[in-house]
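Q: Structure of the sequence below:
(one chain, ligands or ions: 1)
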Amino acid sequence: MPTRLKMDQPDTRRRLDAMQQGLIGKPIDRPDGPLKVSGRATYAHEWEMPGCVYGVLVRATIPTGKLVAIDREGAMAMAGVLGVYCDQRFLRNPAQGTANAAPVQGVEQIDYLGQPVALVVAQSFEQARHAAQTLQIKYSEAGNGVFDPEASGAETYWPESDQLQQGDLSTAMADAAFRVDLEIRTPGHSSAPMEPHCSIASWEGDKLTLRGSYQMLKYNRNELADSLGIDADKVRILAPYVGGAFGSKLGISQEAVAAAIAAEDLGKPVCVTLSRQQVLESVMRRSESRQRIRLAADAEGRLIGLGHECLVSNLPGEDFYEPVLQGTHFVYGGAHRKLAMEVARLNLMCAGSVRAPGEAIGVTALELAMDELAHTVDIDPVELRKRNIPERHPEQDIPYSSRRYIEALDEGARRFGWSQRNAQPGQRREGEWLIGMGMAGVARVNLLSESQARVVLNPDCTATVETDMTDIGTGSYAILTQIVGEMLGLAIHQVEIRLGDTRFPPASGSGGSWGAASSGSSVFLACEEIRRKLAEKLGCDENQLQLKDGHASDGGNRLPLEGLLKGQSLSGEGSIEPGDAAKQRSQACYGSCFAEVAVNATTGETRVRRMNGTFSAGRILNQKTATSQCYGGMVWGIGMALTEEMVFDSRDGHLVNRDFAEYHIPVNLDVPQIDVALLEERDDWANPLQSKGIGELALCGSAAAVLNAIYNATGVRVRDMPATLDKLLDGLPER
Ligand code: MOS
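A: Residues are numbered from 1 along each chain as shown. Model prediction:
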């Protein structure tokens with residue numbers, strides 16, 4: 001029986017603080033780092049599978065309609081071609097995160113341009129690609145596609161659980177001393193992980209093994225089994241290394257099911273890797289959004305009313321929608337509130353979770369509006385935020401768990417040198433560059449997800465961890481190593497972490513920023529069990545047991561662990577699940593972001609010159625990996641603010657910019673020196689580690705810091721993101 005903990009109450013023991021090894025929080029290198037940089041970490045495409053053949057997906061060239069016929073014979077006659085598959089079990093789009101069941105399936109009905117409809121398999125990848133490119137497919141086009149959420153033909157719905165009316169916002173707006181009422185637009189974003197999606201499927205009898213690139217294996221296994229119509233216990237998924245994901249690998253996707261179907265038929269391993277264009281066009285997009293924000297403030301700038309109404313989109317049949325209001329519910333006060341969510345049904349590629357779904361664009365829009373309010377009221381933007389941090393959750397009337405938002409604002413301002421800013425826009429100039437400073441608050445919910453792990457303390461004083469957790473580049477291998485080392489008094493090199501195999505105990509997976517806290521807690525609990533067993537051997541209480549450098553002590557005698565183990569191993573299993581603690585306290589991570597930009601007075605080109613992020617996210621498990629997550633989030637913020645935008649052709653919904661030449665993510669030259677500070681914090685309500693999710697935090701507001709800095713530099717408000725040159729040119733002072 002595993003040691004179970006349901007987080008119904010705060011865990012105030014803070015056990016990690018009582019340990020002796022001194023590893024937690026340290027900026028240790030990733031144990032998987034050397035493997036990765038030397039090419040020895042096996043990514044999905046790199047498994048050597050004897051007899052492996054290659055499949056290439058073929059996608060619909062019409063936006064809506066029916067697939068009528070497919071020239072299988074023509075393709076089969078081509079060199080090297082082994083099979084052409086067009087199967088009702090194919091996925092229309094990937095499963096949404098934690099779906100745990102098949103998404104919409106089928107190849108006859110076409111719902112968006114680029115929907116996979118067939119798989120061509122050949123001896124070589126090149127042969128498969130050639131046959132896929134020339135495969136003749138007959139469609140009957142329906143001609144009823146809707147590609148614009150604001151088109152008159154767009155069908156919309158209002159998800160019931162995401163509408164809030166509290167008090168009377170209209171009256172509050174009318175009574176307000178100061179008000180802001182504006183519309184902000186954000187475009188679609190692509191997750192754009194470095195490693196394209198890939199699956200290698202192979203069968204042994206009725207058992208399927210899938211080597212893939214996925215974030216949440218226990219769910220992915222059920223999704224794959226359900227899609228194929230087989231039992232989940234017949235499916236094994238391996239994903240020990242994942243080259244980035246950002247939400248795009250949360251749910252099983254099209255290539256996995258297609259590879260499995262072909263591999264079963266051919267009796268050989270089939271490898272299907274998506275091209276970059278296919279990843280951009282058929283995996284997941286972040287929905288575009290139109291957000292109306294209303295802020296009603298009294299004479300001191302305190303909010304008396306807050307409105308956030310939002311329009312996003314998705315394919316017919318999908319329940320997911322970008323949870324734009326998630327952060328708005330808890331960050332700022334204002335008694336009179338109206339929050340509303342509307343979702344349009346479009347014939348565009350599927351909308352799903354892309355890095356920090358919700359707050360990434362919701363908090364960003366809110367922070368743009370707060371900047372406008374600060375200027376309207378004429379108080380400092382930092383001070384405006386501090387004035388509006390509520391005592392209790394403004395809608396649920398519950399307290400907050402740990403929240404160092406004020407400290408993050410003050411410390412960020414200090415580190416950045418915010419006092420140097422001239423509040424009046426357009427005042428600072430260096431040659432042809434207009435210089436400005438901007439800031440934004442940052443916030444993201446904290447979540448815990450069910451997770452299990454097994455830990456074995458071996459007779460030679462090494463420890464092995466097994467869990468089907470993933471490391472998507474975030475640092476799972478590192479932080480789990482640290483937790484085990486800390487709890488069992490072992491050095492880093494004595495701990496081996498085995499991840500990414502569904503034969504291991506099912507973990508939370510990586511997503512929603514909950515991976516470290518959830519999988520880490522399960523490993524912590526497993527270690528506690530081992531500690532109890534060791535304490536028993538030593539004849540003391542677990543609380544008295546001190547483990548350090550491979551030695552155990554009850555406070556008096558100090559014994560080598562190996563002597564205590566006497567050739568036997570000890571094992572523990574840990575299982576964490578969320579409970580009432582999540583309902584009793586509003587749990588979130590907070591921060592601030594400050595940016596300095598230079599905008600070219602002639603061309604409108606914006607360069608981010610420096611950036612500071614100050615964050616609190618509970619106990620920091622590894623200073624280096626946590627800081628790296630924040631760098632990443634702030635780089636996303638630069639991209640969101642300045643360049644990232646999925647452009648869909650309004651005639652047929654095809655993605656115009658479907659590669660990295662056209663979809664502009666920031667490159668080194670776009671990213672300045674970034675300063676990240678992490679505030680010390682413990683959150684007893686979150687989990688037994690007192691840590692919170694830091695993965696997506698920095699993205700939730702940082703783009704607003706850049707746009708607010710552009711305003712300070714130029715006097716131009718960009719409310720339609722990203723701030724490309726064309727949106728600045730007309731407003732620049734010299735034109
Ligand atoms: Mo995240 S978008 O839940 O991987």
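Q: neighbours around Arg503, how many?
A: Here the number of neighbours of Arg503 (other C-beta atoms under 10 Å) works out to 10. In short, each C-beta sits where N, CA and C put it, glycine included.
Q: List the contacts of it.
A: By C-beta atoms under 8 Å, 6 or more residues apart in numbering, the residues touching Arg503 are 236, 468.
Q: What's the separation between it and the ligand?
A: Remark: distance between Arg503 and the ligand (C-beta to the nearest ligand atom, to the nearest Å) = 23 Å.
Q: Also Thr467?
A: Thr467 is 18 Å from the ligand, by C-beta to the nearest ligand atom.
Q: can you check Glu411 too?
A: As judged by C-beta to the nearest ligand atom, Glu411 and the ligand stand 27 Å apart.
Q: Quick check: what element follows the helix or strand that that residue is a member of along the chain?
A: For Glu411, the element it lies in under DSSP states H and E is helix 405-416. Where DSSP H and E defines the elements, the next helix or strand beyond helix 405-416 is strand 428-430.
Q: For Asp168, give me the backbone phi and psi.
A: In terms of degrees, to the nearest 10, the main-chain angles of Asp168 are phi -140, psi 100.
Q: show me the contacts for the closest residue to it other than its chain neighbours.
A: Distances taken as C-beta to C-beta, 6 or more residues apart in numbering put His336 closest to Asp168, at 5.5 Å, once the chain neighbours are dropped. Counting by C-beta under 8 Å, 6+ apart, His336 touches 166-169, 171-172, 296, 304-306.
Q: His336 pairs with what?
A: Beta bridges link His336 to Gly305 when assigned by DSSP bridges.
Q: pLDDT value on it, please?
A: Reading off the per-residue confidence, His336 sits at a pLDDT of 98.
Q: Does whichever helix in the chain runs longest reach the ligand?
A: For the chain, the longest helix by residue count, based on DSSP state H, is helix 515-538. No. Using C-beta under 6 Å from any ligand atom, helix 515-538 stays clear of the ligand, with a minimum separation of 8.8 Å.
Q: Dump that helix to PDB, keeping only the CA atoms.
A: Output in PDB follows, covering the C-alpha atoms of helix 515-538 (Å, rounded to 0.1, in the frame of the first residue of the first chain):
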ATOM      1  CA  GLY A 515       4.600  18.600 -12.500                       C
ATOM      2  CA  ALA A 516       7.300  19.400 -10.000                       C
ATOM      3  CA  ALA A 517       4.900  19.900  -7.100                       C
ATOM      4  CA  SER A 518       2.800  16.800  -7.900                       C
ATOM      5  CA  SER A 519       5.500  14.300  -8.900                       C
ATOM      6  CA  GLY A 520       7.800  15.700  -6.300                       C
ATOM      7  CA  SER A 521       5.300  15.200  -3.500                       C
ATOM      8  CA  SER A 522       4.800  11.600  -4.500                       C
ATOM      9  CA  VAL A 523       8.600  11.000  -4.400                       C
ATOM     10  CA  PHE A 524       8.700  12.800  -1.100                       C
ATOM     11  CA  LEU A 525       6.000  10.600   0.400                       C
ATOM     12  CA  ALA A 526       7.800   7.400  -0.900                       C
ATOM     13  CA  CYS A 527      11.000   8.700   0.800                       C
ATOM     14  CA  GLU A 528       9.100   9.300   4.000                       C
ATOM     15  CA  GLU A 529       8.100   5.700   4.000                       C
ATOM     16  CA  ILE A 530      11.700   4.600   3.600                       C
ATOM     17  CA  ARG A 531      12.700   6.900   6.400                       C
ATOM     18  CA  ARG A 532      10.100   5.300   8.700                       C
ATOM     19  CA  LYS A 533      11.600   1.900   7.900                       C
ATOM     20  CA  LEU A 534      15.100   3.100   8.600                       C
ATOM     21  CA  ALA A 535      14.000   4.700  11.800                       C
ATOM     22  CA  GLU A 536      12.500   1.500  12.900                       C
ATOM     23  CA  LYS A 537      15.800  -0.300  12.200                       C
ATOM     24  CA  LEU A 538      17.600   2.300  14.200                       C
END
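Q: what's the burial count for the closest residue to the ligand within the stretch 301-450 of the chain?
A: Residue of the stretch 301-450 of the chain nearest the ligand, by C-beta to the nearest ligand atom: Ser353 (3.8 Å). Number of residues near Ser353 (other C-beta under 10 Å) recorded here: 26.
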